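[1] Got a sequence here, can you build the structure:
(2 chains)
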Number of protein chains: 2
Amino acid sequence: MTAPNSNAKKTFQAPKGMRDFYPADMAVRRYIEGVWRQVSINHGFEEIEGPMFESLDLYTHKSGPGIVSELFQVFSGKDEAEIEQIRQGKDAPFALRPEFTPTLARMVAARAAQLPKPIKWFTIPNHFRAERPQRGRLREFMQWNVDFIGVDDDRVFEAIADVHTMGVLVGALERFGLTPVDVRLKFGHRLAIRERLGLHGRTPDQIEDDLVFLDTRQKISSDSFRTQATERGWSEELIRLFDPDHQSTVPLHLDPEKIDGLSDSEKEFMRQKQNARGDLQYEVRSHGIAEWCEFDSMIIRGLAYYTGLVFEAHEASGGERAIAGGGRYDKLIESFGGPSMTACGFGMGDVVLGLLLHEKGLLPEDVYMRELRPHAFVISSGDDAAEQELRKLVAELRRAGYHVRHTYRSTRNVGKLLGEAGKNHARTAIILDEKLNEGLINIKDLNTGEQSEYPRGGVEAALCEILAQQDQQEDRAAGS
Amino acid sequence: MTAPNSNAKKTFQAPKGMRDFYPADMAVRRYIEGVWRQVSINHGFEEIEGPMFESLDLYTHKSGPGIVSELFQVFSGKDEAEIEQIRQGKDAPFALRPEFTPTLARMVAARAAQLPKPIKWFTIPNHFRAERPQRGRLREFMQWNVDFIGVDDDRVFEAIADVHTMGVLVGALERFGLTPVDVRLKFGHRLAIRERLGLHGRTPDQIEDDLVFLDTRQKISSDSFRTQATERGWSEELIRLFDPDHQSTVPLHLDPEKIDGLSDSEKEFMRQKQNARGDLQYEVRSHGIAEWCEFDSMIIRGLAYYTGLVFEAHEASGGERAIAGGGRYDKLIESFGGPSMTACGFGMGDVVLGLLLHEKGLLPEDVYMRELRPHAFVISSGDDAAEQELRKLVAELRRAGYHVRHTYRSTRNVGKLLGEAGKNHARTAIILDEKLNEGLINIKDLNTGEQSEYPRGGVEAALCEILAQQDQQEDRAAGS
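    Numbering: from 1, shown residues only, chains lettered A, B, ... in the order given. Okay, the predicted model is just below:
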């Protein structure tokens, strides 16, 4: 026998490095996104979104032509001119977004005059990178982006914005159940790096060149780093300070007069900040995030892009994977055609975070399952009246906002159906049996096993009360 | 004077037909997605997601090569082989998803044996169409997809699955505040169309050909339709029945013996369905959605794809725009390499729905603003103790799960800051002034204007109680 349509049969797989989210995967994803979203809102950030793809030159404008080989390029299959352009060897007109910052800068620049300041925005977009997939690195991933953009006057102090941005990051880590033992928020500062280099005898011109060299540090081996630094004439102590194998923390407080390579206006800016109440140390302590933080001269990130504080959240043990990273980028909005605006932001991806939460046992089913549990599983003992009442009751309760399920099997054995209710993680079972003739319906609390009869008209109120009791019990259990 | 960085300055716009979602736009989008999601869950559907782009041949497999010109094609800028392939005139390896169904079919086929049945899934993906943007039709849009896939035995009746799928659609319309006066759920049936054609003298061979013709009906003018139908030899009455300007409703109940062009197995299937308790009319009535529904022979949709019931939700007045559409597609999972499975589903986009809700005044700010209102706006009168206490209290309340804001302005005038609290739509203001020396903090209910003092340690409990009272009052006001 030949199967019908056998010619049309074909199996397909998801593209390499892309994920299928079945319901259990999606529940975890929604849990992570839900924490990101709620913590952002609690910290006074507002949600935005942008297009999934942008003009390709939006990305080369920020990152230079080297970014093109990291991008998935996009073109319309309808547009002959676009197709022809690619056939002639040019890039496609669009690219899937590899990061959100260029979109953010474009959106801020477009409405900079009208938007109330400061602009506190977050977004949870998909991003795409055309690289070889590996553990912790996929071609499509979610990333939480948080940005604090000001300020057309000096009423917002830089340190407040920096700490409020780091504060929402710490808020999410706490909500996920992570502690300062699990994750360290390490920060560095462009000025501090200049200071270190200056204090070790580097001249202003050498410092500019050293910064470019340091920016490549994470891509080269420790040996190669030491060899190249020696060739540059670095002292042994300076090499040791920036050695990838060496960790160093220094006090936050910087005296601008001791920092070589600062312009007069940068010194003036530093002084203002130091004189204000809102210096970094004060804000970090007042906001209660000090135990998460350490100053680490190893934290450099892209120096062409960041202009002040930079920070990364790292898992404290094992692979030291970076969970999040960000910093201050005061020149960006202007470079996208907007006015001069200060800005600080970070991104946190879902992939490394998800692995970490899983490894730490912080993704137990009940953490994210609770909001997905059916409020009621409705059971009919099978006669015509009960069958019709089941349909009506299910529709009525759903209309009232309850999550209600019932069997699709042919059995009407109440015991078997109670078993199915349990498999569905239902919180109650509502049983329609021969008592329906007397106008009575049974509700069983599937947490406690208690069961009571209610008049048909009182079912919704009774369900509401049982669920409220369960919520109280679970909150007490969680709090104890 | 020349602006610094003037060479680097450049302005960018979102690609044509793509949207920027600023906070107010995003609040509406999240409101719509929230209703879709909660109604789906309440009806027992589970959420899934898939990759943003798939192999291009996943789409041509379902829709034929004609789909290519509707797609945005995607390739890796890193992969020389992919680039070369396009330069030589071939299609790109990937395409941004224009619809979710092929991904759904692929995901079901991959795990068909393990997944519990029936499979009730929903998803709210972005979709992309390479067409000229116009009102109600964009290049990127959100679409709610709901699918009910069974059944390895006959315990689920087709009519139950169909009505449960339509039921979740109606559930969302109701939750948005739409009524059967605003929107009609029109359904047709492949068998009913065959019946109509057969009753008007068309032979089985002619019927197959007529179906292909009917499938093009919505793309041609009424005049052109009548001319072509006459050329085919259709009777005047038959032309009138399918005329785009004519509306017709017929009873649901079909007698399989009166339908020409049915195979014996189709007749047998029809008979089984009619004998079961769960026929379509019974289910529609029992689920309380009858007042939304009408049978309309004009509802055809893609006949190559749909195998049974088809339905569309249309606005009842004005442009008659389609808000949602779907139906039964029992052959699809098999054609993607899975087993033979029945299936019914629909899609509802955000663009036409959003326009309709806006026009009907069903997007007033308070509908979606409520969950985004700050629970508290904290105000300090400015001395050092109050400033530090503000930071601690803000951090503490956010950690406890509250949405808390405060000023970033330099003013410490309590009256001006109460004004800012109001502009932020805050529900309460927490005021730290000279009473802090006595350990007292003021909380003002910004709904009622009432104000009371609390000891520092009792602030969180007091806030919790004030918010609970406000919720009760708002629920009462909404219910009255």
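
[2] contacts, neighbours, all on C-alpha from now
    Fine.

[3] Need the pLDDT of A:Phe53.
    A:Phe53 carries a pLDDT value of 97.

[4] And the contacts of stretch A:122-142?
    With contact meaning CA atoms under 8 Å, 6 or more residues apart in numbering or on different chains, stretch A:122-142 is reached by A:16-19, A:33, A:37, A:40, A:45-49, A:52, A:69-72, A:96-100, A:143-147, A:349-352, A:355, B:51-52, B:76-78.

[5] Buried ones among these?
    Applying 16 or more other CA atoms under 10 Å in any protein chain shown to the contacts of stretch A:122-142, the neighbour count classes A:17-19, A:33, A:37, A:40, A:45-49, A:52, A:69-72, A:96-100, A:143-147, A:349-352, B:51-52, B:76-78 as buried.

[6] Next step: those restricted to helices.
    A:Glu33, A:Arg37, A:Ser40, A:Asp350, A:Val351, A:Val352 (DSSP state H).

[7] quick one: the helices in the stretch 51-200 of chain A?
    Here the stretch 51-200 of chain A has its helices, by DSSP state H, counting those that start in this stretch, at A:56-63, A:80-87, A:101-110, A:158-175, A:190-199.

[8] among those helices, which is nearest A:Asn424?
    Proximity to A:Asn424 (CA to CA) singles out helix A:158-175 among the helices of the stretch 51-200 of chain A, at 27.0 Å.

[9] Pick the one among the ones in helices among the buried ones among the contacts of stretch A:122-142 closest to chain B.
    A:Ser40 (8.8 Å; CA to the nearest CA).

[10] Burial check on the closest residue to A:Leu56 other than its chain neighbours, number of neighbours?
    Leaving out its chain neighbours, the residue that sits closest to A:Leu56 by CA to CA, 6 or more residues apart in numbering or on different chains is A:Phe94, at 4.5 Å. Residues lying near A:Phe94 (other CA atoms under 10 Å in any protein chain shown) number 23.

[11] What of A:Val168?
    Per other CA under 10 Å, the neighbour tally for A:Val168 reads 24.

[12] Please narrow the buried ones among the contacts of stretch A:122-142 to those residing in strands.
    A:Glu46, A:Glu47, A:Phe72, A:Leu96, A:Gln143, A:Trp144, A:Asn145, A:Val146, A:Asp147, A:Gly349, B:Ser76 (DSSP state E).

[13] need the next SSE after the strand or helix carrying A:Ile207, C-terminal direction.
    According to DSSP states H and E, A:Ile207 maps onto helix A:204-215. Using DSSP H and E, the helix or strand that follows helix A:204-215 in sequence is helix A:222-231.

[14] Mind listing what's buried along that next one?
    For helix A:222-231, burial by neighbour count (16+ other CA under 10 Å) applies to A:Phe225, A:Arg226, A:Ala229.

[15] Give the rounded mean pLDDT of that helix.
    If you average the pLDDT over helix A:222-231, you get 90.

[16] One more: stretch A:143-163?
    Taken as a whole, stretch A:143-163 has an average pLDDT of 78.

[17] before we move on, what about stretch A:63-83?
    Rounded mean pLDDT across stretch A:63-83 is 89.

[18] Which pLDDT value belongs to A:Ser235?
    A:Ser235 is given a pLDDT of 89.

[19] Just give the number of residues close to it.
    Neighbour tally, A:Ser235, other CA under 10 Å: 14.

[20] From B:Glu387, how far out is A:Gly167?
    Distance, A:Gly167 to B:Glu387, by CA to CA, to the nearest Å: 17 Å.

[21] Neighbour count: these two, which is higher?
    Taking other CA under 10 Å, A:Gly167 and B:Glu387 do not tie; A:Gly167 has more neighbours (22 against 18).

[22] How about the host helix or strand of A:Ala386 and chain B, touching?
    A:Ala386 belongs to helix A:384-399 when elements are defined using DSSP H and E. Yes - residues of helix A:384-399 contacting chain B under CA under 8 Å from any CA of the partner chain: A:Gln388, A:Arg391, A:Lys392, A:Ala395, A:Arg398, A:Arg399.

[23] Would you agree A:Arg106 is in contact with A:Phe336?
    Yes - shown here, A:Arg106 and A:Phe336 form a contact pair, counting by CA atoms under 8 Å, at 6.1 Å.

[24] Mind listing the shared neighbours of the two?
    Residues touching both A:Arg106 and A:Phe336 by CA under 8 Å, 6+ apart: B:Thr11, B:Phe12.

[25] In the stretch 301-450 of chain A, what residue comes closest to chain B?
    Closest point on the stretch 301-450 of chain A to chain B, by CA to the nearest CA, is A:His403, at 3.5 Å.

[26] from what I can see that residue touches B:Ile41, true?
    Yes - if you go by CA under 8 Å, A:His403 and B:Ile41 touch, sitting 6.2 Å apart.

[27] In terms of helices and strands, where is the closest residue to A:Glu334 other than its chain neighbours?
    Sequence neighbours aside, A:Ser340 is the residue nearest to A:Glu334 in space, at 5.0 Å (criterion: CA to CA, 6+ apart). Using DSSP H and E, A:Ser340 maps to neither a helix nor a strand.

[28] Chain B contacts on the stretch 201-350 of chain A?
    A:Glu283, A:Ser286, A:His287, A:Gly288, A:Glu334, A:Ser335, A:Phe336, A:Gly337, A:Gly338.

[29] May I see the residues you listed organised as a markdown table, with neighbour count and secondary structure added?
    Converted to a markdown table, these look like this (neighbours: other CA atoms under 10 Å in any protein chain shown; DSSP: H, G, I helix; E, B strand; the rest coil):
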| residue | neighbour count | secondary structure |
| --- | --- | --- |
| A:Glu283 | 23 | helix |
| A:Ser286 | 21 | helix |
| A:His287 | 21 | coil |
| A:Gly288 | 15 | coil |
| A:Glu334 | 23 | helix |
| A:Ser335 | 23 | helix |
| A:Phe336 | 25 | coil |
| A:Gly337 | 20 | coil |
| A:Gly338 | 22 | coil |
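
[30] and the two most separated of these?
    Among those, A:Gly288 and A:Gly337 lie farthest apart (CA to CA), at 37.2 Å.

[31] Next up, the contacts around A:Gln114.
    Taking CA under 8 Å, 6+ apart as the definition, A:Gln114 has no contacts.

[32] where's it relative to A:Met107, distance?
    Taken as CA to CA, the span from A:Gln114 to A:Met107 is 12 Å.

[33] ditto for A:Val459
    Relative to A:Met107, and taking CA to CA, A:Val459 is found at 51 Å.

[34] who has more neighbours, these two?
    Taking neighbours as other CA under 10 Å, A:Val459 and A:Met107 compare with A:Met107 leading, 23 against 19.

[35] Return the per-residue confidence for that one.
    pLDDT, read off for A:Met107, is 97.

[36] And chain A, split by domain according to the record?
    A:23-52+A:97-365, A:373-479 (automatic domain parsing).

[37] Make a markdown table from the ones you listed and add distance to B:Val28 to it.
    Converted to a markdown table, those look like this (distance: least, CA to CA, whole Å):
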| stretch | distance to B:Val28 |
| --- | --- |
| domain A:23-52+A:97-365 | 11 |
| domain A:373-479 | 20 |
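
[38] Compare these and say which comes out lowest on pLDDT.
    It's domain A:23-52+A:97-365: among those, that one has the lowest mean pLDDT, namely a mean of 84.

[39] Quick one: end-to-end length of stretch A:363-380, please.
    OK, stretch A:363-380 end separation, CA to CA: 35 Å.
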